[in-house]
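A.B. asks: next comes the sequence, and after it the predicted model I'd like to discuss.
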Amino acid sequence: MQLRQIGDIQVGAIGLGGMPMSIEGRPDRERCVATIHAALDAGVTLIDTADAYHLYADDVGHNETLIAEALASYGSGTDGVLVATKGGHLRPGDGSWTLNGSPSYLKQACEASLKRLGVEAIGLYQFHRPDPRVPYEDSVGAIRDLLDAGKIQMAGISNANPARIKASQEILGGRLVSVQNEFSPAFRSSEPELRLCDELGIAFLPWSPLGGIGDAAALGNRFPHLQQVADELGATPQQVTLAWMLAKSPVVIPIPGSSRPQTIQASVDAAQLQLSPEQVALIDQA
C-alpha cells in the first residue's frame, strides 16, 4: 500500500476506523478481532479509535480495549502500527453524546486510555470535539501538556474549523500533526480544512468517508458520477470514493469504518486505483 505521513511516522494510505465495532449493531468480539487482523494483514498501519466508542455507561473504552486485544493476539509484530485515540467526547450509556473539554478531564481521560491500550505513551491523541463551555485554548493546552509530559507522542484535533486549526498549531508550538473531520461525497463542507491541512503539511483524516454505515451501500445511486468512474475502472463506488480522496491531496488518509474482514480489504484495495485528473474533476463537480 502507498504510504502517507503523520508527523514523522509513515502509515498506510488507508486507515481503519474502529467505531462500528463498538457502538450500536456491533458484531461479536471474534469477528471484530478478525477484522483488525485482516486490516493488519492488508498493510493497514493506522487504527483510529476513541474512548467514547462504546454502548453502555460501564462500557467506556470498549473499542480501545478491543484494539489492544487484537494487537496483542496478532501473529506478527505490530511496532509499526499507529493507534490514534481521542478524548473529550462522552456517551452516558443512553445513546446520546456529551462533551467535556476541561483540561482536568482530558488529562484523566488520557490516563485511562493509556491503561486500556497498554502503552506507556499514546501514538496519536486527538481532542475529540470542542466543548462550548470550555475555552478552546484551554482544551488544546491540555493536549500540549500531555505532549510535553510524554504521555502522548503526537497531538491532533478533530471536528475543527480553519481558525481552530491555526490556533491549535500555535498553542502546540507547531506540533499539530493531524485534523480529523467528517468528509464524504455527501459532506463536503470540510473542503477549507482539507486545503489548509494541505498548505500546512498536516495529515487530514476524513471520518465517515463513505457517508456512514447506513449510506455507504447507496453511494453509487446517490452519486451517479461515482458509479460512472467505478464502471470505467472496474471498481466499486466505495473504492472510487476513497481513491478520489487520496487524489485530492497527499495529506489525506481516509479512515473508513469496518466490522468485517472483507470490507476492510476492499477499502485497502482502493489505494491502488489511479484516477485521471478528468475523473477527479468529474467527482469534484458532482
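C.D. replies: Noted; the coordinates are in hand.
A.B. asks: tell me the contacts of M21?
C.D. replies: By Cβ atoms under 8 Å, 6 or more residues apart in numbering, the residues touching M21 are P27, C32, T35, I36, Y53, N63, L66, S258, S259. For every residue, glycine as well, the C-beta is placed using N, CA and C.
A.B. asks: now it: how far from V280?
C.D. replies: Remark: distance between M21 and V280 (Cβ to Cβ, to the nearest Å) = 31 Å.
A.B. asks: can you check R195 too?
C.D. replies: Taking Cβ to Cβ as the measure, R195 falls 15 Å from V280.
A.B. asks: is the residue of the chain positioned farthest from its centre in a helix, a strand, or coil?
C.D. replies: Most distant from the centre of the chain: E232, at 28.8 Å, with distances by Cα atoms, centre = their mean. Reduced to three states with DSSP: H, G, I helix; E, B strand; the rest coil, the structure at E232 is helix.
A.B. asks: got the confidence number for it?
C.D. replies: The score at E232 is 97. That number is its pLDDT.
A.B. asks: what comes up buried for the lengthiest helix in the chain?
C.D. replies: Among all segments of the chain classified by DSSP state H, the helix with the greatest residue count is helix 103-117. Buried residues in helix 103-117, counted by 16 or more other Cβ atoms under 10 Å: P103, Y105, L106, K107, A109, C110, S113, L114, R116, L117.
A.B. asks: got a list of contacts for that helix?
C.D. replies: Residues from elsewhere that reach helix 103-117 (Cβ under 8 Å, 6+ apart): 51, 60-61, 64-65, 67-68, 83, 85, 87-88, 100, 120-122, 125, 127, 134, 138-139, 141-143, 145-146, 151-152.
A.B. asks: ok, the residue farthest from the centre of the chain - contacts?
C.D. replies: Q279.
A.B. asks: so what's the backbone phi/psi at S158?
C.D. replies: Here the main-chain torsion angles of S158 (degrees, to the nearest 10) amount to phi -140, psi 150.
A.B. asks: neighbours of the nearest residue to it once chain neighbours are set aside, how many?
C.D. replies: Ranked by Cβ to Cβ, 6 or more residues apart in numbering and with sequence neighbours excluded, the top spatial neighbour of S158 is Q180, at 4.0 Å. Other residues within reach of Q180 by the criterion other Cβ atoms under 10 Å amount to 28.
A.B. asks: picking that back up, then the longest helix of the chain to PDB, C-alphas only?
C.D. replies: C-alpha atoms of helix 103-117 as PDB (Å, rounded to 0.1, in the frame of the first residue of the first chain):
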ATOM      1  CA  PRO A 103      -8.200  20.200  30.900                       C
ATOM      2  CA  SER A 104      -8.600  18.100  34.100                       C
ATOM      3  CA  TYR A 105     -10.900  15.700  32.300                       C
ATOM      4  CA  LEU A 106      -8.800  15.400  29.200                       C
ATOM      5  CA  LYS A 107      -5.800  14.500  31.300                       C
ATOM      6  CA  GLN A 108      -7.800  12.000  33.200                       C
ATOM      7  CA  ALA A 109      -9.200  10.500  30.000                       C
ATOM      8  CA  CYS A 110      -5.700  10.200  28.600                       C
ATOM      9  CA  GLU A 111      -4.500   8.300  31.600                       C
ATOM     10  CA  ALA A 112      -7.500   5.900  31.300                       C
ATOM     11  CA  SER A 113      -6.800   5.400  27.600                       C
ATOM     12  CA  LEU A 114      -3.100   4.600  28.300                       C
ATOM     13  CA  LYS A 115      -4.200   1.800  30.600                       C
ATOM     14  CA  ARG A 116      -6.700   0.400  28.200                       C
ATOM     15  CA  LEU A 117      -4.300   0.400  25.300                       C
END
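A.B. asks: helix or strand right after that helix?
C.D. replies: The first helix or strand that comes after helix 103-117 along the chain, using DSSP states H and E, is strand 124-127.
A.B. asks: who does that next one pair up with?
C.D. replies: Strand 124-127 has these partner strands in its sheet, going by DSSP bridges: strand 82-87 (parallel), strand 155-158 (parallel).
A.B. asks: ok, then the element right after that strand?
C.D. replies: Following the chain from strand 124-127 toward its C-terminal end, the next helix or strand by DSSP H and E is helix 136-148.
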